[in-house]
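[1] Provide a 3D model corresponding to the input given below.
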Amino acid sequence: MQTLPYALDPLRFPFPALAALSGRLPLGGGREVALAALLVARLTQGVLPDDGLNPGDRTARAAAAKVWLASLALPAPTRVPFVRCVDATVGTPLVAAGALRSLVAAISAHLDGAAVQELERLARQLAAVS
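    Numbering: from 1, shown residues only. Prediction:
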């Protein structure tokens, strides 16, 4: 395949399995867990140095995300891990990786294998930065 010198590189969405799962699930707890996981994945991705988000922006995003998470009907055992993971997005990549791994352990029963793999891959990327 030949690329043209003026063509843009194609954009690649980093969490297609989470997005697809969110769209497939019926309304209710499972869908809300998948949507919350997608939100947390996007926030946590902002901790990676390549993303370039400064700490102030990450703090503002985390505060807004916590308000949104409070409006969801998440299963009780998942609520605290979600909030901890959002809080960890204002810290170091290693802290975010640990919180994300704890979240995956708490919500893996609500996700399919591909979605879990996306979250685990992000946790590995975060841990490798440290």
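[2] secondary structure element for the residue nearest the centre of the chain?
    Compute the mean C-alpha point of the chain, and by Cα atoms, centre = their mean the closest residue is Ala41, 0.7 Å away. Element membership for Ala41 (DSSP states H and E) is helix 29-45.
[3] okay, that helix in CSV with CA atoms only?
    Coordinates of the C-alpha atoms in helix 29-45 are reproduced here as CSV (Å, rounded to 0.1, in the frame of the first residue of the first chain):
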residue,chain,number,x,y,z
GLY,A,29,-25.9,-2.5,35.2
GLY,A,30,-23.7,-4.3,32.7
ARG,A,31,-23.8,-1.5,30.2
GLU,A,32,-23.1,1.1,32.9
VAL,A,33,-20.1,-0.9,34.1
ALA,A,34,-18.8,-1.1,30.5
LEU,A,35,-19.3,2.7,29.9
ALA,A,36,-17.6,3.5,33.2
ALA,A,37,-14.7,1.3,32.3
LEU,A,38,-14.4,3.1,28.9
LEU,A,39,-14.4,6.4,30.7
VAL,A,40,-11.8,5.3,33.2
ALA,A,41,-9.6,3.8,30.4
ARG,A,42,-9.7,7.1,28.6
LEU,A,43,-8.8,9.0,31.7
THR,A,44,-6.0,6.6,32.6
GLN,A,45,-4.6,6.8,29.2
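[4] return the list of helices and strands in contact with that helix.
    helix 16-24, helix 55-70, helix 76-88, helix 93-107, helix 113-129 (3 or more Cβ pairs under 8 Å, 6 or more residues apart in numbering; DSSP states H and E). (Each C-beta comes from the backbone N, C-alpha and C, glycine too.)
[5] quick one: contacts of the fourth one?
    Pointing back at helix 93-107 there. 33, 37, 40, 44, 47-49, 77-78, 81-82, 84-85, 87-89, 116, 119-120, 122-124, 126-127, 129-130 (Cβ atoms under 8 Å, 6 or more residues apart in numbering).
[6] packed most tightly, which of the helices and strands packed on helix 29-45 would that be?
    The highest average neighbour count among those, using mean count of other Cβ atoms under 10 Å, belongs to helix 93-107 at a mean of 21.
[7] next, the angle helix 29-45 makes with it.
    Relative orientation of helix 93-107 and helix 29-45, computed by axes from the mean of the first three to the mean of the last three Cα atoms, to 10 degrees: 170 degrees.
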